[in-house]
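Student: sequence and predicted model, in that order:
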Amino acid sequence: MPAALLDGKKLAQTIQGEIASAAAAFEQKHGLRPGLAAVLVGNNPASHIYVRNKRKACAQTGIDSWLHELPEETSQVQLLDLIASLNADAKVHGILVQLPLPRQIDEATIIRAVTPIKDVDGFGPENLGLLVTGQPRYVPGTPAGVHQLLIRNGVALAGAHVVIVGRSNIVGKPLALILMQKAAGANATVTVCHSRSNNLAALTRQADVVVVAIGQAEFLKADMVRPGAVVVDVGINRLKDGKLVGDVDFAGVSQVASAISPVPGGVGPMTITMLLQNTLAAATLQTK
Ligand code: NDP
């Protein structure tokens, strides 16, 4: 395999070590730990795994976490009541509402209900607005993780053409905003593609860096990538045989790319790590 591996698992461990040191210093200074409240509604098995992994990472880095589990039939009013109590709880510096939510609950309403200073997922309009205007506070975990994976592996972004496939509010759109910031470690030229883009392969072939976040197993093939390009795979797809694969045909693309992130072990661990980083930042901002 000619491509170098963008090893998110290893990098996540390094950054979590840095977060653990900072969390210990925070505790020593303030006599309390950074704290994250996780809210899990319903029985989605993947959500249960994601929340368990996030809480485990909190425990490993010296961040307190509390789990609020609510049944599938929870009403929007009940969830809003819980969020109001967490907004008012001084021990809670960050609030994570695991998505997706059951159908009777409007996600946008819930996201807006989390007070912006505790919105460590960075999904609310205030934190996204700060990113748009070049004053990032809490940047959503997955795109922040992709960014760290690139810059900490020495991928030059200034002036580079980054093509992002996928325009969701939690991955594609905020990633474009991060990479086009007028700031060190950014200054990229960004193209965002989606399911209505014409001739997608012609666009991805122009890229110095391709990021794919669409949720379609092994979609990006070797002939869609310019030789020597860097490829980041955000997708998580489970095949019928139970195997976990990304949105990139890893076997083929790794023959042409200069560097590539694996699934699992690429963007996933970085996402969790960035949530921890936001929680630490939230604790610092809320503790004088
Ligand atoms: P969404 O379903 O919200 O968005 C998918 C995007 O991909 C849409 O913009 C859609 O276009 C676009 N798209 C779908 N099919 C195509 C296609 N054939 N060609 C071009 N564009 C296409 O997904 P998410 O952003 O939430 O997630 C994307 C993937 O990333 C999923 O596999 C998810 O599991 C994974 N993920 C991984 C995380 C991690 O920590 N590693 C975290 C979050 C997500 P349109 O807008 O036109 O519909």
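Tutor: Everything's here; your move.

Student: okay, CA-based contacts and neighbour counts for the rest of this
Tutor: Will do.

Student: now name the helix or strand holding residue 80.
Tutor: helix 76-88 (DSSP states H and E).

Student: ugh, typo on my part, it should be residue 96
Tutor: Applying DSSP H and E as the criterion places residue 96 in strand 94-97.

Student: buried sites along whatever helix or strand comes next after that strand?
Tutor: Where DSSP H and E defines the elements, the next helix or strand beyond strand 94-97 is helix 107-113. By neighbour count with 16 or more other C-alpha atoms under 10 Å, helix 107-113 contains the buried residues 107, 110-111, 113.

Student: can you tell me what sits against helix 107-113?
Tutor: Outside of helix 107-113, the residues within contact range by C-alpha atoms under 8 Å, 6 or more residues apart in numbering are 79-80, 83-84, 97, 99-101, 123-125.

Student: quick one: mean pLDDT over the following helix or strand past that helix.
Tutor: Downstream of helix 107-113, the next assigned helix or strand under DSSP H and E is helix 125-132. For helix 125-132, the mean pLDDT works out to 98.

Student: so what's the gap between stretch 79-99 and the chain middle?
Tutor: Offset of stretch 79-99 from its chain centre (C-alpha atoms, centre = their mean, to the nearest Å): 20 Å.

Student: list the buried residues in it.
Tutor: Neighbour counts over stretch 79-99 (16+ other C-alpha under 10 Å) mark 79-80, 83, 86-87, 91-97 as buried.

Student: follow-up on the earlier one: show me what the helix holding residue 80 packs onto, helices and strands only.
Tutor: Judged by 3 or more C-alpha pairs under 8 Å, 6 or more residues apart in numbering; DSSP states H and E, helix 76-88 is in contact with helix 107-113.

Student: so how far is the helix it packs on off the chain centroid?
Tutor: Relative to the centre of its chain, helix 107-113 is centred 18 Å away, using C-alpha atoms, centre = their mean.

Student: follow-up on the earlier one: do the strand holding residue 96 and the ligand meet at all?
Tutor: No. Residues of strand 94-97 contacting the ligand under C-alpha under 6 Å from any ligand atom: none, with a closest distance of 13.9 Å.

Student: quick one: name the residues of the stretch 51-200 of the chain near the ligand.
Tutor: When proximity is defined as C-alpha under 6 Å from any ligand atom, the stretch 51-200 of the chain approaches the ligand at 142, 165-168, 170-171, 194-196.

Student: quick one, strands of the stretch 101-250 of the chain?
Tutor: Along the stretch 101-250 of the chain, counting by DSSP state E, counting those that start in this stretch, strands occupy 161-165, 189-193, 209-212, 230-233, 237-238, 244-245.

Student: mind checking if the helix or strand containing residue 18 is in reach of the ligand?
Tutor: Residue 18 belongs to helix 8-30 when assigned by DSSP H and E. No. Using C-alpha under 6 Å from any ligand atom, helix 8-30 stays clear of the ligand, coming no nearer than 10.1 Å.
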